[in-house]
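Novice: Return atomic coordinates for the entry below.
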Amino acid sequence: MFSVACITGLYGCKAHLLHYVLFCMPSRDILAEAQLEVKLNGIPEGKVLVVKWRGKPVFIYHRSQSIINQERAVNLSELRDPETDNDRAKRSEWLIVMGICTHLGCVPIPNAGLIPGGFFCPCHGSHFDAAGRIRKGPAMTNLEIPEYSFIDDNNIIIG
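Specialist: Prediction:
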């Protein structure tokens with residue numbers, strides 16, 4: 001009788017704990033947004049594709065060779081948050097950054113501002129270069145780089 005009561009009690013505890021574990025897990029719609037596959041072959045050189053991932057804009061910038069050379073020539077001592085262009089882009093022709101200003105969370109405008117090919121946040125005047133590095137304005141850090149990987153030459157997975 002005692003062992004039957006113990007086994008019944010253990011199953012009750014297990015069901016009760018499982019209820020709390022399932023309650024704390026992310027919902028199905030959040031899990032569905034965990035990764036996003038993007039085709040790159042439709043983005044012309046010099047243009048920026050804006051996609052939505054986890055409810056936030058992500059800029060996918062197909063950079064020209066002149067923009068790449070311009071960003072590689074930047075002196076790191078001039079930068080507020082120094083990072084090389086090679087550290088920010090896995091493949092030099094593709095820059096993938098979160099489209100959220102690091103100052104107060106506004107959305108910058110691609111291909112605008114003082115730096116050719118850069119990003120400009122009109123709310124408070126932050127200027128980011130074509131590698132997503134802060135160059136002027138109140139933002140203190142560079143644009144965030146999401147986790148991403150290349151499937152092949154024409155497709156990436158963000159997340």
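
Novice: The lengthiest helix in the chain: how far from the chain's middle?
Specialist: Among the elements of the chain assigned as helix by DSSP state H, the one spanning the most residues is helix 2-24. Counting by Cα atoms, centre = their mean, to the nearest Å, helix 2-24 is centred 41 Å from the centre of its parent chain.

Novice: tell me what that helix is packed against?
Specialist: Helix 2-24 sits against no helix or strand, with contacts defined as 3 or more Cβ pairs under 8 Å, 6 or more residues apart in numbering; DSSP states H and E. The way it works is simple: take the backbone N, C-alpha and C, and place the C-beta from them, glycine included.

Novice: so residue 97 sits in a helix?
Specialist: No - applying DSSP: H, G, I helix; E, B strand; the rest coil, one finds residue 97 to be strand, outside a helix.

Novice: Show me what secondary structure element comes after the helix or strand bottoming out on mean pLDDT in the chain.
Specialist: Ranking every helix and strand in the chain by mean pLDDT, DSSP states H and E puts helix 28-32 at the bottom, with a mean of 67. Beyond helix 28-32 on the C-terminal side, the first helix or strand identified by DSSP states H and E is strand 36-39.

Novice: what about residue 53, how many neighbours?
Specialist: Neighbour count for residue 53, taken as other Cβ atoms under 10 Å: 18.
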